[in-house]
Every structure is written in structure tokens, then in C-alpha cells.
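>>> Sequence first, predicted coordinates after that:
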Amino acid sequence: MAQQKKDGIVHVRVSADDKEAAETIYADMGTSLSEAVRMFIHESIKLNTLPFRPVSGLTKGKMRAAGALHIYADKKMREAEREAWIKSLSKKYEDANR
């Protein structure tokens with residue numbers, strides 16, 4: 001596949017702590033936050049949906065009504081989300097390269 005020109009810009013506001021934590025996670029994985037966002041967008045387009053299954057804590061009575069994706073802002077869920085994401089990407093990579 002030919003390299004696409006990267007001329008689109010996405011601005012997202014997050015807390016400084018979340019940004020720093022994400023940068024550390026992706027640096028430990030040998031990539032960057034920017035590349036992780038590009039991967040997220042690419043997978044969303046390829047799958048025509050979110051590249052993970054959102055889970056709402058509303059049914060468990062643990063969240064206020066702030067939308068199903070609000071659970072991913074929970075710092076305690078970050079590690080579980082990261083591990084699920086890595087597992088999902090690994091499986092998709094393996095399936096694509098069979």
C-alpha cells in the first residue's frame with residue numbers, strides 16, 4: 001500500500017495527566033501518541049466502527065449518565081483497555097497475515 005500524505009489535523013483536548021500517561025504507554029510500546037491516534041483512525045475506517053467494544057457501566061450502577069464511552073475515562077480502566085486493545089490488534093494482525 002502506498003504511503004498516504006498526512007495533511008489532515010485532529011485536535012483533541014485531554015487532561016495533561018492523561019496525555020502524559022498515554023505518551024508514556026506508547027513510548028514504552030515503541031510508538032507515539034500521534035501514531036496511536038492514526039492507528040485508531042485507520043482501524044475505525046477499516047472496521048467501519050470503533051476498534052473496540054465500548055462497555056457502559058450504567059447497567060452496573062457505577063456511573064452517572066454521561067454516555068457509554070465515559071467509562072474509558074476511568075483511570076482504573078486504562079490498563080485493561082490497553083491490554084484489550086493490544087490483544088485485539090495482535091489478533092487482527094495475525095488474521096490479516098495468514
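Structure received.
>>> middle-most residue in the protein, spatially?
Nearest residue to the geometric centre of the chain (Cα atoms, centre = their mean): residue 40, 5.7 Å.
>>> If we ignore the residues flanking it in sequence, what's nearest that residue?
residue 51 (6.3 Å; Cβ to Cβ, 6 or more residues apart in numbering). In this view, the C-beta of every residue, glycine as well, is placed from N, C-alpha and C.
>>> what about that neighbour, which SS state?
Of the three states, residue 51 takes coil under DSSP: H, G, I helix; E, B strand; the rest coil.
>>> my guess is it contacts residue 86, does it?
No: with contact defined as Cβ atoms under 8 Å, residue 51 does not reach residue 86; the gap is 11.7 Å.
>>> More neighbours: those two, which one.
residue 51 (17 against 11; other Cβ atoms under 10 Å).
>>> measure that one to residue 92 for me?
8 Å (Cβ to Cβ, to the nearest Å).
>>> Overlap in contacts, the two.
Residues touching both residue 51 and residue 92 (Cβ atoms under 8 Å, 6 or more residues apart in numbering) are residue 43.
>>> Now do the longest helix along the chain, average pLDDT.
In the chain, with assignment by DSSP state H, the single longest helix is helix 78-96. Across helix 78-96, pLDDT averages out at 77.
>>> Now residue 14. Its backbone dihedrals?
phi -140, psi 170 (degrees, to the nearest 10).
>>> tell me the pLDDT at it?
As predicted, residue 14 sits at a pLDDT of 90.
>>> what's around the residue lying closest to it once chain neighbours are set aside, how many residues?
Among residues not flanking residue 14 along the chain, residue 22 sits closest, at 7.8 Å (Cβ to Cβ, 6+ apart). Residues lying near residue 22 (other Cβ under 10 Å) number 17.
>>> contacts for the helix or strand containing residue 20?
Counting by DSSP states H and E, the element that carries residue 20 is helix 16-28. Under the criterion Cβ under 8 Å, 6+ apart, residues 14, 32-33, 35-36, 78, 82 lie in contact with helix 16-28.
>>> can you check stretch 85-97 too?
With Cβ under 8 Å, 6+ apart as the criterion, stretch 85-97 contacts 29, 39, 43, 51-52.
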